[in-house]
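> Okay, here's the prediction I keep looking at, along with the sequence it came from:
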Amino acid sequence: MKRERPSLFAALLVSLLVNVLLRSQTAYWPRAGLFSAVVCAPLLAGVGWLFARSWRLAADPVYKLLFGALLVYTSVLELLRLWQLADRLYPGAVTLTSVCLLVVLPVVYLRRVSALSQTAYAVLCLLVLATVAMLASVLPRLCIVNLQTAALTQGDFLAAVRDQLTLYPEYLLPALWPEQDKRGRHTLLRLAAWALAFDVGMHLILELFYGAAMPLRIDPVHAAARCGALSIFNRLEWLQFILWVMAVTVKLALYLYALVRLLGGQNKAEDSAAGLDRFPLYPGGVWLLCAVLRKLDLDAALSLRNVLTWSFVGLTWIGGAAACLYRRLRRC
(Lines give C-alpha, C1' and ligand atoms only; values in the text may rest on other atoms or scores of the structure.)
Protein backbone atom coordinates (compact mmCIF):
# COMPACT_ATOMS: atom_id res chain seq x y z
CA MET A 1 0.00 0.00 0.00
CA LYS A 2 2.79 2.36 0.83
CA ARG A 3 4.46 1.76 -2.52
CA GLU A 4 1.22 2.50 -4.38
CA ARG A 5 0.46 5.66 -2.44
CA PRO A 6 3.62 6.76 -0.62
CA SER A 7 3.19 9.52 1.91
CA LEU A 8 5.84 12.20 2.30
CA PHE A 9 4.45 13.65 5.54
CA ALA A 10 7.22 12.00 7.60
CA ALA A 11 9.87 13.44 5.26
CA LEU A 12 8.39 16.91 5.61
CA LEU A 13 8.23 16.56 9.39
CA VAL A 14 11.82 15.29 9.69
CA SER A 15 12.99 18.20 7.55
CA LEU A 16 11.35 20.66 9.96
CA LEU A 17 12.40 18.93 13.19
CA VAL A 18 16.07 18.84 12.20
CA ASN A 19 16.03 22.65 12.06
CA VAL A 20 15.38 22.65 15.81
CA LEU A 21 18.10 20.13 16.61
CA LEU A 22 20.77 21.90 14.55
CA ARG A 23 19.96 25.34 15.94
CA SER A 24 23.09 27.18 17.06
CA GLN A 25 21.23 29.26 19.69
CA THR A 26 17.79 29.41 21.23
CA ALA A 27 15.44 32.04 19.81
CA TYR A 28 12.81 32.81 22.46
CA TRP A 29 11.48 32.01 25.93
CA PRO A 30 9.11 29.02 26.02
CA ARG A 31 6.22 30.91 27.65
CA ALA A 32 6.18 33.42 24.80
CA GLY A 33 6.61 30.65 22.25
CA LEU A 34 3.66 28.69 23.67
CA PHE A 35 1.26 31.61 23.20
CA SER A 36 2.61 32.60 19.80
CA ALA A 37 2.49 29.01 18.48
CA VAL A 38 -1.30 29.02 18.86
CA VAL A 39 -1.42 31.82 16.28
CA CYS A 40 1.60 30.92 14.13
CA ALA A 41 0.67 27.27 13.44
CA PRO A 42 -2.66 28.02 11.67
CA LEU A 43 -1.07 31.06 10.03
CA LEU A 44 1.72 28.97 8.48
CA ALA A 45 -0.82 26.36 7.40
CA GLY A 46 -2.94 29.09 5.82
CA VAL A 47 0.05 30.50 3.97
CA GLY A 48 0.89 27.06 2.58
CA TRP A 49 -2.74 26.39 1.58
CA LEU A 50 -3.08 29.73 -0.18
CA PHE A 51 0.26 29.18 -1.91
CA ALA A 52 -0.94 25.80 -3.20
CA ARG A 53 -4.12 27.37 -4.60
CA SER A 54 -2.15 30.17 -6.24
CA TRP A 55 0.48 27.76 -7.57
CA ARG A 56 -2.11 25.74 -9.49
CA LEU A 57 -3.31 28.96 -11.14
CA ALA A 58 -0.01 30.74 -11.75
CA ALA A 59 2.58 27.97 -12.24
CA ASP A 60 4.75 28.73 -15.28
CA PRO A 61 8.44 28.23 -16.16
CA VAL A 62 9.54 31.44 -14.41
CA TYR A 63 7.92 30.47 -11.11
CA LYS A 64 9.30 26.95 -11.41
CA LEU A 65 12.83 28.27 -11.94
CA LEU A 66 12.50 30.60 -8.96
CA PHE A 67 11.23 27.79 -6.75
CA GLY A 68 14.02 25.52 -7.96
CA ALA A 69 16.65 28.17 -7.22
CA LEU A 70 15.19 28.61 -3.72
CA LEU A 71 15.46 24.86 -3.07
CA VAL A 72 19.06 24.71 -4.31
CA TYR A 73 19.99 27.72 -2.16
CA THR A 74 18.35 26.09 0.86
CA SER A 75 20.20 22.82 0.17
CA VAL A 76 23.51 24.69 0.23
CA LEU A 77 22.63 26.41 3.51
CA GLU A 78 21.66 23.10 5.14
CA LEU A 79 24.98 21.52 4.19
CA LEU A 80 26.93 24.56 5.39
CA ARG A 81 25.02 24.60 8.67
CA LEU A 82 25.73 20.91 9.29
CA TRP A 83 29.40 21.38 8.40
CA GLN A 84 29.81 24.43 10.65
CA LEU A 85 28.13 22.61 13.52
CA ALA A 86 30.40 19.57 13.03
CA ASP A 87 33.44 21.85 12.84
CA ARG A 88 32.50 23.52 16.13
CA LEU A 89 31.95 20.20 17.89
CA TYR A 90 34.86 18.29 16.31
CA PRO A 91 37.41 20.92 15.15
CA GLY A 92 39.39 19.75 12.16
CA ALA A 93 37.85 16.26 12.13
CA VAL A 94 35.23 16.82 9.44
CA THR A 95 35.82 18.58 6.13
CA LEU A 96 33.21 20.24 3.97
CA THR A 97 33.74 17.71 1.18
CA SER A 98 33.22 14.77 3.54
CA VAL A 99 30.00 16.29 4.85
CA CYS A 100 28.73 16.79 1.31
CA LEU A 101 29.57 13.19 0.41
CA LEU A 102 28.01 11.79 3.59
CA VAL A 103 24.77 13.68 3.01
CA VAL A 104 24.36 13.66 -0.77
CA LEU A 105 25.52 10.17 -1.81
CA PRO A 106 22.70 8.33 0.06
CA VAL A 107 20.25 10.41 -1.95
CA VAL A 108 20.96 8.00 -4.83
CA TYR A 109 18.92 5.40 -2.96
CA LEU A 110 16.25 7.91 -1.96
CA ARG A 111 15.51 9.03 -5.53
CA ARG A 112 12.36 6.87 -5.48
CA VAL A 113 9.44 8.28 -3.49
CA SER A 114 8.61 4.99 -1.75
CA ALA A 115 12.22 4.67 -0.53
CA LEU A 116 12.17 8.29 0.66
CA SER A 117 8.88 7.74 2.51
CA GLN A 118 10.00 4.55 4.26
CA THR A 119 13.41 5.99 5.18
CA ALA A 120 11.80 9.16 6.53
CA TYR A 121 9.57 7.15 8.88
CA ALA A 122 12.62 5.24 10.12
CA VAL A 123 14.61 8.45 10.69
CA LEU A 124 11.62 10.04 12.43
CA CYS A 125 11.44 7.09 14.85
CA LEU A 126 15.18 7.36 15.52
CA LEU A 127 14.88 11.10 16.17
CA VAL A 128 12.08 10.48 18.65
CA LEU A 129 14.09 7.75 20.40
CA ALA A 130 17.19 9.96 20.55
CA THR A 131 15.15 12.84 21.98
CA VAL A 132 13.61 10.56 24.63
CA ALA A 133 17.07 9.22 25.50
CA MET A 134 18.41 12.75 25.83
CA LEU A 135 15.47 13.72 28.04
CA ALA A 136 16.05 10.69 30.28
CA SER A 137 19.74 11.54 30.44
CA VAL A 138 19.29 15.17 31.52
CA LEU A 139 16.21 14.60 33.67
CA PRO A 140 18.10 14.79 37.00
CA ARG A 141 19.45 18.21 36.00
CA LEU A 142 16.14 19.74 34.99
CA CYS A 143 15.15 22.20 37.73
CA ILE A 144 11.81 23.96 38.10
CA VAL A 145 13.60 26.86 39.75
CA ASN A 146 15.35 27.55 36.43
CA LEU A 147 12.06 28.67 34.89
CA GLN A 148 12.11 32.42 34.46
CA THR A 149 9.36 34.23 36.35
CA ALA A 150 10.00 37.75 35.04
CA ALA A 151 7.10 39.32 33.19
CA LEU A 152 7.31 38.83 29.44
CA THR A 153 7.75 41.97 27.37
CA GLN A 154 6.45 42.81 23.93
CA GLY A 155 9.94 42.11 22.59
CA ASP A 156 9.78 38.54 23.93
CA PHE A 157 6.55 37.85 22.08
CA LEU A 158 7.85 39.49 18.91
CA ALA A 159 10.99 37.36 19.03
CA ALA A 160 8.89 34.20 19.35
CA VAL A 161 6.58 35.20 16.50
CA ARG A 162 9.50 36.21 14.28
CA ASP A 163 11.22 32.86 14.80
CA GLN A 164 8.10 30.71 14.47
CA LEU A 165 7.02 32.49 11.30
CA THR A 166 10.20 31.42 9.55
CA LEU A 167 8.78 30.11 6.29
CA TYR A 168 10.67 26.94 5.42
CA PRO A 169 10.26 25.50 1.90
CA GLU A 170 8.66 22.41 3.46
CA TYR A 171 5.44 24.39 3.94
CA LEU A 172 5.35 25.04 0.18
CA LEU A 173 6.30 21.60 -1.14
CA PRO A 174 2.84 19.95 -0.77
CA ALA A 175 1.68 22.26 -3.57
CA LEU A 176 3.80 20.11 -5.92
CA TRP A 177 2.37 16.75 -4.89
CA PRO A 178 0.30 15.06 -7.61
CA GLU A 179 -3.18 14.85 -6.05
CA GLN A 180 -4.96 16.25 -3.02
CA ASP A 181 -5.81 12.78 -1.67
CA LYS A 182 -2.12 11.85 -1.73
CA ARG A 183 -1.33 14.85 0.52
CA GLY A 184 -3.89 13.94 3.17
CA ARG A 185 -6.35 16.12 5.03
CA HIS A 186 -5.07 19.07 7.02
CA THR A 187 -1.48 18.12 6.17
CA LEU A 188 -0.13 21.64 6.52
CA LEU A 189 -1.88 22.28 9.83
CA ARG A 190 -0.62 19.01 11.32
CA LEU A 191 2.84 19.73 9.98
CA ALA A 192 3.02 23.22 11.47
CA ALA A 193 1.48 22.09 14.78
CA TRP A 194 3.94 19.21 15.28
CA ALA A 195 6.94 21.32 14.24
CA LEU A 196 6.11 24.23 16.55
CA ALA A 197 5.15 21.93 19.43
CA PHE A 198 8.54 20.21 19.16
CA ASP A 199 10.29 23.58 18.95
CA VAL A 200 8.53 24.94 22.05
CA GLY A 201 9.12 21.67 23.91
CA MET A 202 12.85 21.75 23.23
CA HIS A 203 13.02 25.39 24.35
CA LEU A 204 11.24 24.40 27.58
CA ILE A 205 13.70 21.56 28.24
CA LEU A 206 16.62 23.88 27.60
CA GLU A 207 15.21 26.55 29.94
CA LEU A 208 14.79 23.93 32.69
CA PHE A 209 18.40 22.90 32.07
CA TYR A 210 20.17 26.25 31.62
CA GLY A 211 17.88 28.75 33.31
CA ALA A 212 18.65 32.39 32.60
CA ALA A 213 21.81 31.41 30.69
CA MET A 214 19.82 29.65 27.95
CA PRO A 215 20.05 32.46 25.33
CA LEU A 216 23.83 32.58 25.74
CA ARG A 217 24.54 28.92 25.08
CA ILE A 218 26.02 27.84 21.75
CA ASP A 219 24.68 24.56 20.30
CA PRO A 220 22.47 24.14 23.38
CA VAL A 221 20.87 20.79 22.46
CA HIS A 222 24.18 19.03 21.92
CA ALA A 223 25.78 20.65 24.97
CA ALA A 224 22.88 19.57 27.19
CA ALA A 225 23.03 16.02 25.85
CA ARG A 226 26.75 15.75 26.63
CA CYS A 227 26.09 16.81 30.22
CA GLY A 228 23.48 14.11 30.75
CA ALA A 229 23.69 11.67 33.64
CA LEU A 230 23.81 8.65 31.32
CA SER A 231 26.71 10.11 29.32
CA ILE A 232 25.45 8.17 26.32
CA PHE A 233 25.87 11.15 24.02
CA ASN A 234 29.41 11.67 25.28
CA ARG A 235 30.37 8.12 24.32
CA LEU A 236 28.28 7.85 21.16
CA GLU A 237 28.68 11.31 19.69
CA TRP A 238 29.42 9.97 16.23
CA LEU A 239 26.15 8.04 16.23
CA GLN A 240 24.39 11.27 17.06
CA PHE A 241 26.19 13.00 14.21
CA ILE A 242 25.22 10.19 11.83
CA LEU A 243 21.59 10.67 12.86
CA TRP A 244 21.86 14.35 11.99
CA VAL A 245 23.39 13.39 8.64
CA MET A 246 20.49 11.00 7.98
CA ALA A 247 17.93 13.72 8.76
CA VAL A 248 19.63 16.25 6.47
CA THR A 249 19.87 13.56 3.78
CA VAL A 250 16.10 13.08 3.95
CA LYS A 251 15.69 16.84 3.62
CA LEU A 252 17.89 17.03 0.52
CA ALA A 253 16.22 13.97 -1.03
CA LEU A 254 12.87 15.71 -0.55
CA TYR A 255 14.23 18.80 -2.29
CA LEU A 256 15.55 16.65 -5.14
CA TYR A 257 12.10 15.09 -5.61
CA ALA A 258 10.59 18.58 -5.71
CA LEU A 259 13.21 19.73 -8.23
CA VAL A 260 12.43 16.76 -10.47
CA ARG A 261 8.76 17.67 -10.42
CA LEU A 262 9.52 21.34 -11.02
CA LEU A 263 12.00 20.91 -13.85
CA GLY A 264 10.34 18.40 -16.12
CA GLY A 265 9.13 15.52 -13.98
CA GLN A 266 5.44 16.39 -13.78
CA ASN A 267 4.36 13.70 -16.26
CA LYS A 268 6.27 10.86 -14.65
CA ALA A 269 4.70 8.24 -12.43
CA GLU A 270 4.59 9.36 -8.85
CA ASP A 271 6.99 6.69 -7.59
CA SER A 272 9.47 6.96 -10.47
CA ALA A 273 13.07 7.67 -9.57
CA ALA A 274 15.03 10.73 -10.61
CA GLY A 275 17.13 9.84 -13.64
CA LEU A 276 20.79 9.13 -12.94
CA ASP A 277 21.71 11.02 -16.10
CA ARG A 278 20.63 14.29 -14.46
CA PHE A 279 21.30 13.32 -10.86
CA PRO A 280 25.03 14.33 -10.80
CA LEU A 281 24.02 17.92 -11.57
CA TYR A 282 22.37 18.27 -8.17
CA PRO A 283 25.15 17.04 -5.82
CA GLY A 284 27.84 18.48 -8.07
CA GLY A 285 26.21 21.90 -8.19
CA VAL A 286 25.46 21.90 -4.47
CA TRP A 287 29.03 20.90 -3.57
CA LEU A 288 30.44 23.61 -5.85
CA LEU A 289 28.22 26.26 -4.29
CA CYS A 290 29.17 25.07 -0.80
CA ALA A 291 32.86 25.40 -1.68
CA VAL A 292 32.32 28.93 -3.00
CA LEU A 293 30.13 30.04 -0.06
CA ARG A 294 31.95 28.23 2.75
CA LYS A 295 32.85 31.52 4.50
CA LEU A 296 29.30 32.83 4.26
CA ASP A 297 27.70 34.40 7.34
CA LEU A 298 25.19 31.62 7.91
CA ASP A 299 22.84 33.56 10.21
CA ALA A 300 22.54 36.36 7.66
CA ALA A 301 22.09 33.85 4.85
CA LEU A 302 19.29 32.04 6.70
CA SER A 303 17.55 35.34 7.34
CA LEU A 304 17.90 36.19 3.66
CA ARG A 305 16.41 32.79 2.76
CA ASN A 306 13.38 33.57 4.88
CA VAL A 307 12.93 36.95 3.16
CA LEU A 308 13.31 35.34 -0.26
CA THR A 309 10.78 32.63 0.60
CA TRP A 310 8.17 35.12 1.78
CA SER A 311 8.84 37.26 -1.30
CA PHE A 312 8.40 34.25 -3.59
CA VAL A 313 5.14 33.35 -1.85
CA GLY A 314 3.88 36.92 -2.24
CA LEU A 315 4.83 36.89 -5.91
CA THR A 316 2.98 33.60 -6.40
CA TRP A 317 -0.09 35.01 -4.66
CA ILE A 318 -0.07 37.99 -7.00
CA GLY A 319 0.36 35.72 -10.02
CA GLY A 320 -2.46 33.45 -8.87
CA ALA A 321 -4.80 36.38 -8.25
CA ALA A 322 -3.98 37.83 -11.67
CA ALA A 323 -4.57 34.47 -13.37
CA CYS A 324 -7.87 34.01 -11.57
CA LEU A 325 -9.00 37.52 -12.51
CA TYR A 326 -7.99 36.95 -16.14
CA ARG A 327 -9.98 33.74 -16.34
CA ARG A 328 -13.07 35.42 -14.93
CA LEU A 329 -12.76 38.30 -17.37
CA ARG A 330 -12.53 35.84 -20.26
CA ARG A 331 -15.74 34.19 -19.17
CA CYS A 332 -17.62 37.48 -19.12
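Yep, that arrived.

> wait, doesn't residue 225 sit right on residue 141?
No - contact between residue 225 and residue 141 fails when scored by CB atoms under 8 Å: they sit 11.3 Å apart. Heads up, the C-betas are built off the backbone N, CA and C, glycines and all.

> So these two - more neighbours on which side?
residue 225 (24 against 14; other CB atoms under 10 Å).

> which SS class is the more buried one?
helix (DSSP: H, G, I helix; E, B strand; the rest coil).

> How many residues are close by residue 107?
21.

> excluding its backbone neighbours, what's nearest it?
Once flanking residues are discounted, residue 107 sits nearest to residue 253: 4.7 Å by CB to CB, 6 or more residues apart in numbering.

> Now do the contacts for the one you found.
With contacts defined as CB atoms under 8 Å, 6 or more residues apart in numbering, the neighbours of residue 253 are 11, 106, 107, 110, 111, 116, 119.

> same question for whichever strand or helix holds it, mean pLDDT?
In this structure, residue 253 sits in helix 237-262 according to DSSP states H and E. Averaging pLDDT along helix 237-262 yields 85.

> Going forward, the N-terminal residue is numbered 7.
Okay, using 7 as the starting number, the last item reads as helix 243-268.

> Report the mean per-residue pLDDT for stretch 303-313.
Computed over stretch 303-313, the mean pLDDT rounds to 92.

> Flag every buried residue along that stretch.
Buried positions in stretch 303-313, judged by neighbour count with 16 or more other CB atoms under 10 Å: 304, 307, 308, 311.

> I figured the second one was touching residue 85, is that so?
Just to be clear, that refers to residue 307. No - using CB under 8 Å, residue 307 is not in contact with residue 85, being 11.9 Å away.

> Next secondary structure after the helix or strand where residue 81 lies?
Assessed by DSSP H and E, residue 81 sits inside helix 67-95. Following helix 67-95 in sequence order, the next helix or strand is helix 102-110 (DSSP H and E).

> tell me what that next one is packed against?
helix 67-95, helix 243-268, helix 287-298 (3 or more CB pairs under 8 Å, 6 or more residues apart in numbering; DSSP states H and E).

> how about the ones you listed, which one is nearest residue 105?
Closest to residue 105 of the helices and strands packed on helix 102-110 is helix 67-95 (CB to CB; 4.4 Å).

> quick revisit: output the helices and strands packed on helix 102-110 in JSON lines; the columns should cover distance to residue 140.
Output for the helices and strands packed on helix 102-110, formatted as JSON lines (distance: least, CB to CB, whole Å):
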{"stretch": "helix 67-95", "distance to residue 140": "15"}
{"stretch": "helix 243-268", "distance to residue 140": "9"}
{"stretch": "helix 287-298", "distance to residue 140": "29"}
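
> How about stretch 42-55, which residues are buried there?
Here stretch 42-55 shows 42, 43, 46, 47, 50, 51, 53, 54, 55 as buried, counting by 16+ other CB under 10 Å.

> and the residues you listed as CSV, adding distance to residue 264, secondary structure and pLDDT?
Below are the buried residues of stretch 42-55 laid out as CSV (distance: CB to CB, whole Å; DSSP: H, G, I helix; E, B strand; the rest coil; pLDDT from 0 to 100):
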residue, distance to residue 264, secondary structure, pLDDT
42, 28, helix, 93
43, 26, helix, 93
46, 24, helix, 95
47, 23, helix, 95
50, 18, helix, 95
51, 19, helix, 93
53, 17, helix, 94
54, 14, helix, 93
55, 18, helix, 91
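
> with those in mind, which one is nearest to residue 81?
Nearest to residue 81 among the buried residues of stretch 42-55, counting by CB to CB, is residue 54 at 19.8 Å.

> can I assume the closest one is in contact with residue 196?
No - look at residue 54 against residue 196 with CB under 8 Å: they stay out of range, at 11.4 Å.

> Show me the shaky parts of the stretch 157-306 of the chain.
Low-confidence segments of the stretch 157-306 of the chain, defined by pLDDT under 70: 184-191, 234-244, 270-285.

> can you rerun that using 50?
The stretch 157-306 of the chain contains residues with pLDDT under 50 at 187-188, 272-274.
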